[in-house]
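**Student:** The sequence and its predicted three-dimensional model are supplied below.
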Amino acid sequence: MAVLTHGTWVLVADGEKALFLRNDVDQANPDLNVVRIEEQENPSDYDQSANRPGRMHDGGTPHSRSAYEDTDWHELAKERFAAEMADILYKQAHKGKFERIVLVAPPQVLGEMRDHLHKEVQDKVVAEVDKTLTNHPIDKIEALLRKELDPQAA
């Protein structure tokens, strides 16, 4: 069954960048064109942490103390970004901008996005590819998706 048909959208995302693409030809010769680009600045967790983790007494000796686990701000920002992408997809689907979509993201981002997808978008997802392709040129994304979605075409 052809997945990457004419008009199918492809969301290529990681935790910091998302490319919304549309296939303007067919599965045999995909021609992905940019519909929208979203990016967020997400410095490393070290750069986002203001100070060292807090401490607590363990009980035991008066000098026995442990560090609280600090919030991973970098990871939290990635999760929020995935939720924002799910929201954008809902708004676009609601406007009738796409009928079919392929989601391409690393497994953790894909899972986070899946948790936030509205039913209207879930019904339009025709495939998921758990790869990081955001820094690939579009022609490489086309070739990789063709190979991934139609192994006989490779």
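**Tutor:** Structure received.
**Student:** What mean pLDDT does the helix or strand where Glu38 lies get?
**Tutor:** In this structure, Glu38 sits in strand 32-39 according to DSSP states H and E. In this model, strand 32-39 has an average pLDDT of 95.
**Student:** cool, stretch 139-149 as well?
**Tutor:** Averaged across stretch 139-149, the pLDDT comes to 92.
**Student:** Give me the contact list for it.
**Tutor:** Contacts of stretch 139-149 from elsewhere in the structure, counted by Cβ atoms under 8 Å, 6 or more residues apart in numbering, are 3-4, 10, 12, 21, 27-28, 30-32, 102, 104, 127, 129, 131, 133, 136, 153-154. The C-beta positions use only the backbone N, C-alpha and C, and glycine is treated the same way.
**Student:** try 10 Å
**Tutor:** The contact list for stretch 139-149 (Cβ atoms under 10 Å, 6 or more residues apart in numbering) reads 1-4, 8, 10, 12, 19, 21, 23, 25, 27-32, 102, 104, 126-127, 129-131, 133-134, 136-137, 153-154.
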